[in-house]
Every structure is written in structure tokens, then in C-alpha cells.
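*Asks:* return a 3D structure for these sequence lines:
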Amino acid sequence: MSKTTVRTLADELEPFISPFRVEGGHKFHLKSYKTNAKGGLDKEKGEALIADNRKRLSDFQEKLYAQDRWSVLVLLQGMDASGKDSAIKSIFEGVNPQGCEVTSFKQPTSKELDHDFMWRSAIALPERGRIGIFNRSYYEECLVTRVHPDILKAEKLPPRLVTKHIWRERFEDISAFERYLTRNGTVILKFFLNISKEEQRQRFLDRLEEPAKNWKFSMGDVTERARWPRYQAVYQDIVRHTSTPFAPWYVVPADHKWFARVVIGSTIVAALESLDLHFPRVDPGSREEFKAVRKALEQEATGGKKSRK
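*Replies:* Numbers count the residues shown, from 1 in each chain. Okay, the predicted model is just below:
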């Protein structure tokens, strides 16, 4: 008698996760990862999987919130127009907003500059039972700050601490911080939306053509395109030094927005499934209390008379 192989959710989603996971990044080369991959799917099948993952995510999120033990931190990094905002909107559609919060990190305020570079991220971390989404993150402090040295000068660090080793030191600090979080019950999922320069150009043109998207465009976006090789090199360095088994990077093909959402959604769903989430079990004492509550409510509805069957 042959045994029937049970195909789990993790097995189903693994083809859209493992090819893009970087657990040890020392040999990582960004050019080895295609920006236009589709994982053997067409858009119709991809959209169906996205819809399925939304339902799964909503179910897992309710259990995560009720269990109140784990927290999940989702980090999205990528060049302008790589699809971070739309990915968040699509993947988390239907998720209870009470258990999920998005934080977008812009240019640091004067108060934030008076603290260490991780401070503003630390105070925005998700509570137990909740999903926190960072639209950009503390990795900006190893990215934009590195591409634009003047920004580093504004951080008020003592001059003798700003050495040629500062980026390596920040990578070490970030990895230590992420290890600390995982040891305290925070699951960290880091996504780099890997878009091609040509696709970014087309999306910028689309923003100019559609009035509803004009607000997203600024001349600074075009200016930064001139620094594309530098940004790519720095992203490669970030992944190499901060991708770890406890907080791996996922290099997501982002030229096709729908496939990027397949990869991100599948990764989050699979991570939540692995936590063995469930609604808290009611103890016998509480069950007796529930019976008393039910009796009181039924009597209230019938004015003390016997309720109808």
C-alpha cells in the first residue's frame, strides 16, 4: 500500500520563494538576479495566486493578533518606482488595519538626527501580535547616506567616529540588531525590489502621462538615475553583508509588478504558516464563565422568562 504524498502550503509556495532568497551573501552578485523573471507563471495565474495569498494572509494575521506572541517586520527597499507602495496596497488588501501598520521613512527630522541612526526605526517596531511594514528602512542609512556623503555630515557624529570603516560597522550593528529582534520573537522579512533601469524609465514616463500619478514625480528622481551604477553597487554590498540565516534578503524581480507581489506575498504567508499560529484555547474556568454570561444575556432578552428553543 503506497503512501500518498501530502503537498503542503510551503511546498506550493516554495518555487516563488527559494530562488530569490539570499541567506549568506558574501558571494552575492546582483547582476546574477534577473529583474524580469516570472517564475514560470503568466499574469492570470499570478493574479490568482495573489488573491489566494491575500485570503491566507488575512487568516494568519487574525491568529497572529489573537495569539499575541510573535511579531512580523516586513522591510521593502528598492529604487524609485520599483513598486513598493503598490505592493503594500495589493498584498495587504483586506488585512485588519488594527493588526498591521505601515511606516514610511523620509528625510530625518532634527529630532531624529539627535539620536543614533537606528532610533527612529526602533520606536516604530511592531508590537507582539502585529505586522509592521517599513517602506524603506534603517538600510537607507547605508544607502542614500553612502551615495550622498553630505547627509552623513548632518548626522552630528563625532568626527573621529566617521572613519573608512563606518559602513562595515553599520552592517555589523544592523545584523546584531536583527539577531536581537529575532531572539525576541520578531520575524524579519527583507525584500529588495530589483527593477531594471529601462523599466524605471518607462514607469517615470507613465507617471507623467497619467494625471493621477503626476504627484509621485519629481526632478530629483531623474537626477538620481544618473547615480544608478553607484546605487546598484551599494545595494549589492548591503545584501552581501547583511543577509543572514535569521534575516535573509529576498531579491525580488520587480519589472513585472504582479510577479513581485507573488514573491512577496508567498514569502510572508509561508513565514506565518511556519509559526504554527492558532487562536488561544479557552480554559475550563473560562468556559464556565461563558455559560453564566450566556444565561444572563438570554434572561435579559426574555425578561427573565424561559427562552424559546
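
*Asks:* tell me if Leu193 really is in a strand.
*Replies:* Yes. Leu193: assigned to a strand according to DSSP: H, G, I helix; E, B strand; the rest coil.

*Asks:* how does the chain divide up, domain by domain?
*Replies:* Per automatic domain parsing, the domain ranges recorded for the chain read 9-278, 283-309.

*Asks:* those into a markdown table, with extra columns for mean neighbour count and mean pLDDT?
*Replies:* Every residue, glycine included, has its C-beta placed from N, CA and C. Written out in a markdown table, the entries for the domains of the chain read as follows (neighbours: other C-beta atoms under 10 Å; pLDDT from 0 to 100):
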| stretch | mean neighbour count | mean pLDDT |
| --- | --- | --- |
| domain 9-278 | 17 | 95 |
| domain 283-309 | 10 | 69 |
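
*Asks:* what packs against the lengthiest helix in the chain?
*Replies:* Among the elements of the chain assigned as helix by DSSP state H, the one spanning the most residues is helix 43-67. Based on contacts counted as 3 or more C-beta pairs under 8 Å, 6 or more residues apart in numbering; DSSP states H and E, the elements that helix 43-67 packs against are helix 84-91, helix 257-273.

*Asks:* run the last query once more with 6 Å
*Replies:* Helices and strands in packing contact with helix 43-67 are listed as helix 257-273; criterion 3 or more C-beta pairs under 6 Å, 6 or more residues apart in numbering; DSSP states H and E.

*Asks:* show me what the helix it packs on packs onto, helices and strands only.
*Replies:* In terms of contacts (3+ C-beta pairs under 6 Å, 6+ apart), helix 257-273 is packed against helix 9-13, helix 43-67, helix 84-91, strand 186-194, strand 249-253.

*Asks:* now do it against strand 249-253, angle only.
*Replies:* With axes from the mean of the first three to the mean of the last three C-alpha atoms, to 10 degrees as the basis, helix 257-273 and strand 249-253 are set at 150 degrees to each other.

*Asks:* which residues does helix 257-273 contact?
*Replies:* Contacts with helix 257-273, where a contact means C-beta atoms under 6 Å, 6 or more residues apart in numbering, come from 9-10, 13, 16-17, 20, 38, 43, 46, 49-50, 53, 56-57, 60, 83, 87, 90-91, 187, 189, 191, 193, 250, 252-254.

*Asks:* next one: phi and psi at Ile174?
*Replies:* Summarising the backbone geometry of Ile174 under the convention degrees, to the nearest 10, its torsions are phi -70, psi -50.
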